[in-house]
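[1] sequence below, structure please.
(one chain, ligands or ions: 1)
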Amino acid sequence: RSVKVFAPATVANVVCGYDVLGFAVNQPGDEVIMRFTDTKGITISKITGDDGKLPLNPAKNTVSASVQHYLNHIGKPDTGIDIELHKKMPIGSGLGSSSASTVAGLFAINTLFDNLLTNRALVPFAMKGEELACGYGHADNVAPALMGGFVLIRSYEPLDIISLPFPEDLHAAIVYPEVDVPTKDARQMIRSKVFLKDAVTQWGNVAGLVSGLFMKDYDLIGRSMTDILVEPTRSILIPDFSVMKSIAMENGAIGFGISGSGPSVFSLTRDADTATKITQKLQQHLKGIAINSLAFVSEV
Ligand code: HSE
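    Numbering: from 1, shown residues only. Down below sits the predicted model:
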């Protein structure tokens, strides 16, 4: 018996909600094919689409490592499992690439075990994969990839994850400028201490964004998509970030910011046409400064 699972890319942080907010998109995403084997333990028989970047060693690969945690948890640590991973999205892009693979793997193993656990209960296992990938088990990619839609991580200890409502017509315009920004480095560059007055501004915006989603108030969503803590530092790694922001806002974005740890940027829009127009304008700009890019338009 084998299963084939797709898990989607995700936009973490959503500008002001560092490590606490994220949403899933329809595409891109990764695919995992998994089957039981007669031998003991996990093997990774194939990885495609990674340019040889990902480890085939099951102890080092985020997919197999989190599947092993799952098997230990259900008391079947020696189960023979074969994994094929087909990466269909760029690595180190800020689109939750490791998370998409890990989540596809966990969904697959849980399916092979007849859905022993709920999707929400898989989140801690997926966080182990993130820990391996970037040194910290943040949940703002894996939780939306598993649960879909907009997700809030209200607390990490204990884990408290809330699915948020959001306006139906919300779309995301994502552009990935092809420069490499590893999440581990992009996390290390952030200041670990903040001033109280800055924290006040930030949590005002997080509350504003969540309220805007509930109230379907696009203007409130837009003016809450401001980040004074993380974006000023990380945006330095992204080519022409402020120019791209102006272009997106002039072309109808509700708000604009870094997707996850970057270098991808995203805009929220009210419809697919606006999202498409923004991606075209941004790609055109990046081409003008000799940067290749990929673009994705998706419903939230
Ligand atoms: N919240 C994480 C970060 C997401 O910003 O580092 C990484 O995709």
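
[2] quick check: mean pLDDT across the host helix or strand of Ile278?
    According to DSSP states H and E, Ile278 maps onto helix 272-288. Per-residue confidence for helix 272-288 averages out to 98 on the pLDDT scale.

[3] for it, which positions count as buried?
    274-275, 277-279, 281-283, 285-286 (16 or more other CB atoms under 10 Å). Quick note: C-beta positions are derived from backbone N, CA and C, even for glycine.

[4] show me how far it is from its chain's centre.
    21 Å (CA atoms, centre = their mean, to the nearest Å).

[5] what's the answer for stretch 206-221, then?
    The gap between the average C-alpha position of stretch 206-221 and the chain average comes to 21 Å, counting by CA atoms, centre = their mean.

[6] kindly export that stretch (C-alpha atoms) in CSV.
    Extracted as CSV, the C-alpha positions of stretch 206-221 are listed here (Å, rounded to 0.1, in the frame of the first residue of the first chain):
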residue,chain,number,x,y,z
VAL,A,206,-1.0,41.9,15.5
ALA,A,207,-4.3,42.5,17.3
GLY,A,208,-5.4,44.9,14.5
LEU,A,209,-4.6,42.3,11.8
VAL,A,210,-6.5,39.5,13.6
SER,A,211,-9.4,41.9,14.1
GLY,A,212,-9.3,42.9,10.5
LEU,A,213,-9.5,39.2,9.4
PHE,A,214,-12.5,38.6,11.7
MET,A,215,-14.3,41.9,10.6
LYS,A,216,-13.4,41.4,6.9
ASP,A,217,-12.1,45.0,7.1
TYR,A,218,-9.4,45.3,4.4
ASP,A,219,-8.3,48.7,5.4
LEU,A,220,-7.7,47.5,9.0
ILE,A,221,-5.8,44.5,7.7
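
[7] hang on, the earlier thing: and the buried residues of helix 272-288, which two are furthest apart?
    In the buried residues of helix 272-288, two members sit farther apart than any others by CB to CB. They are Thr274 and Leu286, at 18.7 Å.

[8] show residues contacting the helix or strand bottoming out on mean pLDDT in the chain.
    Considering only helices and strands, the least confidently modelled element of the chain by mean pLDDT, DSSP states H and E is helix 183-188, at a mean of 86. Here helix 183-188 makes contact (CB atoms under 8 Å, 6 or more residues apart in numbering) with 92, 94, 98, 133-136, 234, 237, 260-262.

[9] gap between the residue in the stretch 151-300 of the chain that the ligand sits nearest to and Gly149?
    The stretch 151-300 of the chain approaches the ligand most closely through Gly260 (2.7 Å), counting by CB to the nearest ligand atom. Plainly put, Gly260 is 17 Å away from Gly149 if you go by CB to CB, to the nearest Å.

[10] next one: Arg234
    When CB to CB is the yardstick, Arg234 and Gly149 sit 25 Å from each other.

[11] who has more neighbours out of those two?
    Set side by side, Arg234 and Gly149 show more neighbours around Arg234, with 25 against 15, by other CB atoms under 10 Å.

[12] which element follows the longest strand seen in the chain toward the C-terminus?
    The strand of greatest length in the chain, counted in residues with DSSP state E as the criterion, is given as strand 21-36. Proceeding N to C from strand 21-36, the next assigned helix or strand is strand 42-48, under DSSP H and E.

[13] can you list contacts of that next one?
    Contacts of strand 42-48 from elsewhere in the structure, counted by CB under 8 Å, 6+ apart, are 37, 54, 56-58, 61, 63-64, 67-68, 71, 80-87.

[14] number of nearby residues for the residue nearest to Glu178 when sequence neighbours are not counted?
    Distances taken as CB to CB, 6 or more residues apart in numbering place Asn292 nearest to Glu178, at 4.4 Å, with adjacent residues excluded. Using other CB under 10 Å, Asn292 is surrounded by 11 other residues.

[15] who are the packing partners of the helix holding Ile278?
    Under the contact definition 3 or more CB pairs under 8 Å, 6 or more residues apart in numbering; DSSP states H and E, helix 272-288 sits against strand 171-177, helix 241-250, strand 265-269, strand 293-299.

[16] and among the ones you listed, the most buried is which?
    Mean neighbour count, computed with mean count of other CB atoms under 10 Å, is highest for strand 265-269 among these, reaching a mean of 28.

[17] backbone dihedrals for Gly204, please?
    Taking degrees, to the nearest 10, you get phi -60, psi -40 for the backbone angles of Gly204.

[18] list the contacts of it.
    When contacts are counted by CB under 8 Å, 6+ apart, Gly204 touches no other residue.

[19] could you list the buried residues of the least confident helix or strand of the chain?
    Residues of helix 183-188 classed as buried by neighbour count (16+ other CB under 10 Å): 183, 186-187.

[20] the residues you listed into TSV, with extra columns for distance to Ser2?
    Rendered in TSV, the data for the buried residues of helix 183-188 read as follows (distance: CB to CB, whole Å):
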residue	distance to Ser2
Thr183	31
Ala186	36
Arg187	36
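
[21] I appreciate the help and will end here.
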